[in-house]
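J.: only the shape, not the letters, is given here:
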């Protein structure tokens, strides 16, 4: 199965690259400029997109979710980046460690490591005369919901935060996703409870600091629902981060926040996340807005039926739709809402 999945990703990426080349002649978006930096021994390959208007410009740093993600998330970020560019913002993003032209291994990172890497990227941009050093905001996706609040809590150099489908608690999110996956597969309630119980046993194994050999032995007795074996790197990554919870860091966020969720999100408990954001951010300074978009999934793409967002043919089709239709591929003006909100927080005019 992993081999098939990697092949599908490679084929999908090839199709998207070819389609991008065909459509680039029709695009008025400036080509990204290569701009790299180093952090924690890793060489990180980044891209900077500058508006056509005179600078210096406010900037938005893009913060990835889970997985081996290149700077543009295989084209998923493109409409957001283009809308922000058009509004007058510079946009910066980079290949995760070990992805594309970057060195290292993203699976060896904690959420704190990722927040520190984000700070290094921000400091690099602050030294660029084309960027307004005091006007750098963040836009992040899914797992970035743990990274961005930590980064803002650590330092006061950021101007705003846009969180897309941000989770609150790693363990609770995992249980939410397991329950939905099992339900979509037609599992009985007994089977769902079996899967959840197995997940909790895995958590206890992590709490004890079990090594990979112990994990593999434990998995030999896994029920039929739960036999997908993590790689050693993935096991270490999850063990390092499974206790992540955004609540305490959100309490320290003192900049304006826009939080976007889809009401068909089966990956992250959107209702819980939106409620936590409302409750905590109402007690913090800054202009904050929480929006739940109707008929939108975890990636804010429109859907009339419930679905998990995972790698595979279905997601490749959605990436192709984004390449073809741009911002119109997303639900309920999600792209324009983000760019307009950012423009209201920071005036992009030089």
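T.: It's in. This one's a predicted model, so the numbers in the text were calculated from it and none came from an experiment.
J.: thinking residue 308 is in contact with residue 264, fair?
T.: No - between residue 308 and residue 264 there is no contact under CB atoms under 8 Å: 10.3 Å. C-betas here are computed from N, CA, C, even on glycine.
J.: between these two, who's got more neighbours?
T.: residue 264 (22 against 15; other CB atoms under 10 Å).
J.: for residue 247, what are its contacts?
T.: Neighbouring residues of residue 247 by CB atoms under 8 Å, 6 or more residues apart in numbering: 168-169, 276, 280.
J.: from the residues you listed, which is closest to residue 51?
T.: Closest approach between the contacts of residue 247 and residue 51, by CB to CB: residue 280, at 33.2 Å.
J.: so the closest one makes contact with residue 252?
T.: No - using CB under 8 Å as the test, residue 280 is too far from residue 252 to be in contact (9.8 Å).
J.: these two: which is more packed in?
T.: residue 280 (21 against 14).
J.: so after the helix or strand hosting that one, what's the next helix or strand?
T.: Following DSSP states H and E, one finds residue 280 within helix 270-281. Per DSSP H and E, the first helix or strand lying C-terminal to helix 270-281 is strand 288-293.
J.: ok, and for that next one, which residues are buried?
T.: Neighbour counts over strand 288-293 (16 or more other CB atoms under 10 Å) mark 288-290, 292-293 as buried.
J.: buried set for the helix holding residue 280?
T.: By 16+ other CB under 10 Å, the buried positions in helix 270-281 come out as 270, 272-274, 276-277, 280-281.
J.: what would those look like in CSV with distance to residue 145 and pLDDT?
T.: Listed next are the buried residues of helix 270-281 as CSV, based on distance: CB to CB, whole Å; pLDDT from 0 to 100:
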residue, distance to residue 145, pLDDT
270, 11, 96
272, 12, 96
273, 7, 97
274, 12, 97
276, 10, 96
277, 9, 96
280, 12, 94
281, 13, 91
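J.: make sure residue 137 is indeed in a strand.
T.: Yes - Residue 137 forms part of a strand when assessed by DSSP: H, G, I helix; E, B strand; the rest coil.
J.: kindly list the main-chain dihedrals of residue 54?
T.: phi -60, psi 150 (degrees, to the nearest 10).
J.: in the sheet, who's paired with residue 289?
T.: Assessed by DSSP bridges, residue 289 has beta-bridge partners residue 258.
J.: same thing with residue 92?
T.: Assigned bridge partners for residue 92, using DSSP bridges, are residue 48, residue 61.
J.: quick one: buried residues of stretch 317-337?
T.: Burial within stretch 317-337, assessed by neighbour count using 16+ other CB under 10 Å, is assigned to 318-320, 322-323, 326-327, 329-332, 334-335, 337.
J.: between which two of those is the distance greatest?
T.: Taking CB to CB, no two of the buried residues of stretch 317-337 sit farther apart than 320 and 337, at 23.4 Å.
J.: show me where the stretch 51-200 of the chain has helices.
T.: Per DSSP state H, counting those that start in this stretch, the stretch 51-200 of the chain carries helices over the ranges 78-87, 111-126, 144-154, 170-184, 189-207.
J.: and the fourth one, what's buried?
T.: Along helix 170-184, the positions that meet the burial threshold by neighbour count (16+ other CB under 10 Å) are 170-171, 173-182.
J.: likewise the longest one?
T.: By 16+ other CB under 10 Å, the buried positions in helix 189-207 come out as 191-192, 194-196, 198-199, 202-203, 205-206.
J.: now swap in stretch 41-59 and tell me
T.: 42, 44-51, 55, 57-59.
J.: output those as JSON lines; include the columns pLDDT and distance to residue 157.
T.: Formatted as JSON lines, the buried residues of stretch 41-59 follow (pLDDT from 0 to 100; distance: CB to CB, whole Å):
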{"residue": "42", "pLDDT": "97", "distance to residue 157": "21"}
{"residue": "44", "pLDDT": "98", "distance to residue 157": "18"}
{"residue": "45", "pLDDT": "98", "distance to residue 157": "23"}
{"residue": "46", "pLDDT": "98", "distance to residue 157": "17"}
{"residue": "47", "pLDDT": "98", "distance to residue 157": "21"}
{"residue": "48", "pLDDT": "98", "distance to residue 157": "18"}
{"residue": "49", "pLDDT": "98", "distance to residue 157": "21"}
{"residue": "50", "pLDDT": "97", "distance to residue 157": "20"}
{"residue": "51", "pLDDT": "96", "distance to residue 157": "21"}
{"residue": "55", "pLDDT": "85", "distance to residue 157": "19"}
{"residue": "57", "pLDDT": "97", "distance to residue 157": "16"}
{"residue": "58", "pLDDT": "97", "distance to residue 157": "13"}
{"residue": "59", "pLDDT": "97", "distance to residue 157": "11"}
